[in-house]
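Enquirer: when you get a sec, could you give me coordinates for this:
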Amino acid sequence: MSGEASSVTSERRSEPAALSRAVTRVATTGLAGLVTTLMTAAPAFASDPLGPSEGADPGKGLGPGLSLLLYVGLPVVAFLAIAAVAWLPGALRNHRYRPAEGWSADPVWFAGPVDPDAAIAGAQVGDVTRGGASGSW
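Expert: Next up is the predicted model:
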């Protein structure tokens with residue numbers, strides 16, 4: 001009985017400690033976020049006590065046409081240039097398989113003998129079982 005009472009008591013003791021740790025973590029995180037925001041935003045709120053310095057005049061803004069060219073036209077041109085670089089090598093290849101025209105490329109023997117003509121000439125005719133999946137037709 002005393003073992004059960006001590007475990008209940010220790011659970012009750014750990015609940016306020018866990019709550020205290022959670023509150024501390026939330027407060028620390030909030031304070032760190034507030035300090036970071038204030039430190040990064042402080043230069044935006046600062047004013048020059050001596051007035052505008054040389055070169056501080058922002059000048060006139062961009063017109064709508066130049067803005068469209070800068071923010072729309074240049075990205076489109078860059079996209080088209082990258083697309084052309086990716087598409088062009090495939091478009092320039094001559095040997096392609098076209099289903100209606102038949103195969104026009106040179107034959108290639110993969111994993112065959114080094115001299116295929118000699119292998120064919122030296123082959124002996126024998127009983128050949130044909131057909132897949134144990135079929136002989």
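Enquirer: following element in sequence after the helix or strand where Leu34 lies, please.
Expert: Assignment of secondary structure by DSSP states H and E places Leu34 within helix 2-45. Taking DSSP H and E as the definition, the helix or strand that follows helix 2-45 towards the C-terminus is helix 64-68.
Enquirer: what about that next one, distance to the chain center?
Expert: The chain centre lies 31 Å from the centre of helix 64-68; the measure is C-alpha atoms, centre = their mean, to the nearest Å.
Enquirer: try stretch 81-91
Expert: 21 Å.
Enquirer: same question, stretch 80-89
Expert: Its chain's C-alpha centre and that of stretch 80-89 lie 20 Å apart, by C-alpha atoms, centre = their mean.
Enquirer: put the alpha carbons of it into PDB.
Expert: Extracted in PDB, the C-alpha atoms of stretch 80-89 (Å, rounded to 0.1, in the frame of the first residue of the first chain):
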ATOM      1  CA  LEU A  80      12.500  29.400 -72.800                       C
ATOM      2  CA  ALA A  81      16.300  29.400 -73.000                       C
ATOM      3  CA  ILE A  82      16.600  26.500 -70.500                       C
ATOM      4  CA  ALA A  83      13.800  24.600 -72.200                       C
ATOM      5  CA  ALA A  84      15.600  25.000 -75.600                       C
ATOM      6  CA  VAL A  85      18.900  23.700 -74.100                       C
ATOM      7  CA  ALA A  86      17.000  20.700 -72.800                       C
ATOM      8  CA  TRP A  87      14.900  20.000 -75.900                       C
ATOM      9  CA  LEU A  88      17.500  20.700 -78.700                       C
ATOM     10  CA  PRO A  89      19.700  17.600 -78.400                       C
END
